[in-house]
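S.K.: Generate coordinates for the sequence data below:
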Amino acid sequence: MDKFEYFQESIENPLTEIINVHSQDDNFKRQWLEIHVKSHEVQHAISKLSQMSLKVLRTIGEQKIISENELVSQLGFAEGVINKSVKMLMHDEIINKVQSTAHRQDVPFQLTAIGREIVAAEAEMDVIIDKQHREMVKNYSMEELTIVSKFLLDLRNNH
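M.R.: You can find the predicted model right below:
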């Protein structure tokens, strides 16, 4: 078997499988979250979340209180995209507006109890995945990881 055949069989095919799994990441995350929360109300809320809504939700959770303009700035998406997610999250009572006496045009948002439960479950999932990856990486030296990294960068740059 020559190098190119080896590449196709032993590298390209597994990479394609990984890409396919990650392109369905939205479904994987939602399914994992739904399984790992107890409340049916929270499970139902999770079933309606898009990948963008999860990003908005996570950012609000990290910041505790954040305005829509700040979300646009931090996430780097168009205002309309963020606004759509914010409206859906508010409609499903996952976030709410912070009650303020000041007359602000850009009202900040915060998580509701449902939102906090979703963010906590997602953080738990991230810890589990990081632990699995940490264990996997232990099997390789830094030199081997550097070679893989260089190869993947070359592959990316040639596509």
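
S.K.: what about D2, neighbour count?
M.R.: 7 (other C-beta atoms under 10 Å). Backbone N, C-alpha and C define where each C-beta goes, glycine included.

S.K.: how close does it sit to P14?
M.R.: 18 Å (C-beta to C-beta, to the nearest Å).

S.K.: Equivalent analysis for K48, please.
M.R.: Taking C-beta to C-beta, one finds K48 at 33 Å from P14.

S.K.: quick one, which of the two is more surrounded?
M.R.: K48 (13 against 10).

S.K.: pLDDT wise, what is the more buried one at?
M.R.: You'll see K48 listed with a pLDDT of 88.

S.K.: need the strands for this protein, in chain order.
M.R.: With strands called from DSSP state E, the chain shows them at 66-67, 95-97, 108-111.

S.K.: other SSEs contacting the last one?
M.R.: Using 3 or more C-beta pairs under 8 Å, 6 or more residues apart in numbering; DSSP states H and E as the contact criterion, the elements in contact with strand 108-111 are helix 51-63, strand 66-67, helix 68-75, helix 79-91, strand 95-97.

S.K.: In CSV, list those along with mean pLDDT, mean neighbour count and distance to H133.
M.R.: Output for the helices and strands packed on strand 108-111, formatted as CSV (pLDDT from 0 to 100; neighbours: other C-beta atoms under 10 Å; distance: least, C-beta to C-beta, whole Å):
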stretch, mean pLDDT, mean neighbour count, distance to H133
helix 51-63, 92, 19, 19
strand 66-67, 91, 19, 29
helix 68-75, 92, 16, 24
helix 79-91, 94, 16, 28
strand 95-97, 93, 17, 30
